[in-house]
Structures are given as structure tokens and as C-alpha cells.
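Student: 3D, please:
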Amino acid sequence: MNKVLKIATVLTWINMIIWSLITLMAVFLVLASGTVAALIVLIFPTAIILHSYASFQLQKSIKNPAIPLNSQTSTGIRFIGFVALFAGITTLIPGIGIVQHPQEYLNQLQESLKSFQEQMHSNKPLVPPTIAQIRLTGILVALIGLSVAVNVNLNFRLLRWYYFLRNNSNNPGEK
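Tutor: Below is the predicted model:
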């Protein structure tokens, strides 16, 4: 289980850093757009950040049994974990789709670049990315989503392991 703990710790750090940056950029975009309704977009990235924070608390309690895990933290790992798992899967699936069908994504991107250029009244042509760059983007998006999904599953296992160890240490004579 120590190997699972190390992998979960690394994935938790990766998720915390990447999704904090994504959330920060999304906050700036929402503030720049001026629409408060766009704040709904921040639910999924913040769920991943909250799950990562709760996972750090769990990992700290596993590494040092003298530090008990708060009951709200375990509930947070479970409930927010399902939201984070949903966000990870909804990130993973488009990443796989981009890798499988890069030409369709390129066509959509070219249309949106063309309309953006018309809105900005710019004469300077925007250069669309190559198929290789689109596939690389799809791979990165899929890896980010996979990182979240795997991390949530590992932390569910670690939470079960934590309660198993805690119950066995409280009841050593019962069998």
C-alpha cells in the first residue's frame, strides 16, 4: 500500500497544480466576460482542487497515525471525489476524441479562428495548429483527465485502507 500512497501523492500534487492553474485562468476569463452566470464553469475544477486538498489530509493521517482524519474530510473525499471523477472522465473522453479524429477538431478550430478574426477585424491571418500539435493536445488533455480519475480511485482505496487500519488498531483482541 506504500506504493499506492506514493503514486496517489504524486498524482495529487499534479492535479492540485494543473487544476489550480486552470481554475485561475477560468476565474480571470469569467471576470473579464462580466457574466456572473459563467461562474458555474468553475464547479468541476474547484471540485478537483478540493478533492486534492482532502487527499493531502488523508495522506498525512496515513503517514502519521497520531493525526486523526476529520469525519468531514472522509465525507469530502467520497462526495467531492465523485464530482472530481466525473470531471476527470469528462476531460478524458474529449482528449481521446481529439486524438482519434484530429482533422474534425482542426476544421472546428479553423472555423472558430475565422469567426474570431472577423470579430476582431484583423487582417493578420491566424495560423492554425498542425495535426501533430492537435494530437499532442489531445494526448495531454486525456492524460490530465486520466490523472484525475486514477487519483480519485487511489484515494478511495487509501480511505478504505485508513479505516481498515484504524478499526484494527482500535480492536486488536477481537476476531
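
Student: need the helix or strand of the chain with the lowest average pLDDT.
Tutor: Within the chain, judged by mean pLDDT, DSSP states H and E, the helix or strand with the poorest mean is helix 102-120; its value is a mean of 84.

Student: the lengthiest helix in the chain packs against which elements?
Tutor: Among the elements of the chain assigned as helix by DSSP state H, the one spanning the most residues is helix 131-170. With contacts defined as 3 or more C-beta pairs under 8 Å, 6 or more residues apart in numbering; DSSP states H and E, helix 131-170 has these neighbours: helix 2-33, helix 43-63, helix 71-100, helix 102-120. Just so you know, the C-beta spots here come from the backbone N, C-alpha and C atoms, and that holds for glycine as well.

Student: would you mark the buried spots in the third one?
Tutor: In this case it means helix 71-100. 73-74, 76-77, 80-81, 83-85, 87-88, 91-92, 95, 98-99 (16 or more other C-beta atoms under 10 Å).

Student: tell me where the model's unsure across this protein.
Tutor: Counting by pLDDT under 70, the chain shows low-confidence ranges at 170-175.

Student: at 80 what do you get?
Tutor: Low-confidence segments of the chain (pLDDT under 80): 1, 34-39, 41, 113, 116-128, 169-175.

Student: give me the residue at the spatial middle of it.
Tutor: When C-alpha atoms, centre = their mean is applied to the chain, the residue found nearest the centroid is Val148 (4.4 Å).

Student: burial measure for the nearest residue to Asn151 once chain neighbours are set aside, as a count.
Tutor: In this structure, Asn151 finds its nearest non-sequential neighbour in Leu11, 3.9 Å apart by C-beta to C-beta, 6 or more residues apart in numbering. Leu11 is surrounded by 21 other residues when neighbours are defined as other C-beta atoms under 10 Å.

Student: quick revisit: give the buried residues for the least confident helix or strand of the chain.
Tutor: Judged by neighbour count (16+ other C-beta under 10 Å), helix 102-120 contains these buried residues: 102, 105-106, 109.

Student: which secondary structure elements does it contact?
Tutor: Helix 102-120 sits against helix 131-170, with contacts defined as 3+ C-beta pairs under 8 Å, 6+ apart.

Student: how much space between Ile77 and Lys3?
Tutor: Distance, Ile77 to Lys3, by C-beta to C-beta, to the nearest Å: 20 Å.
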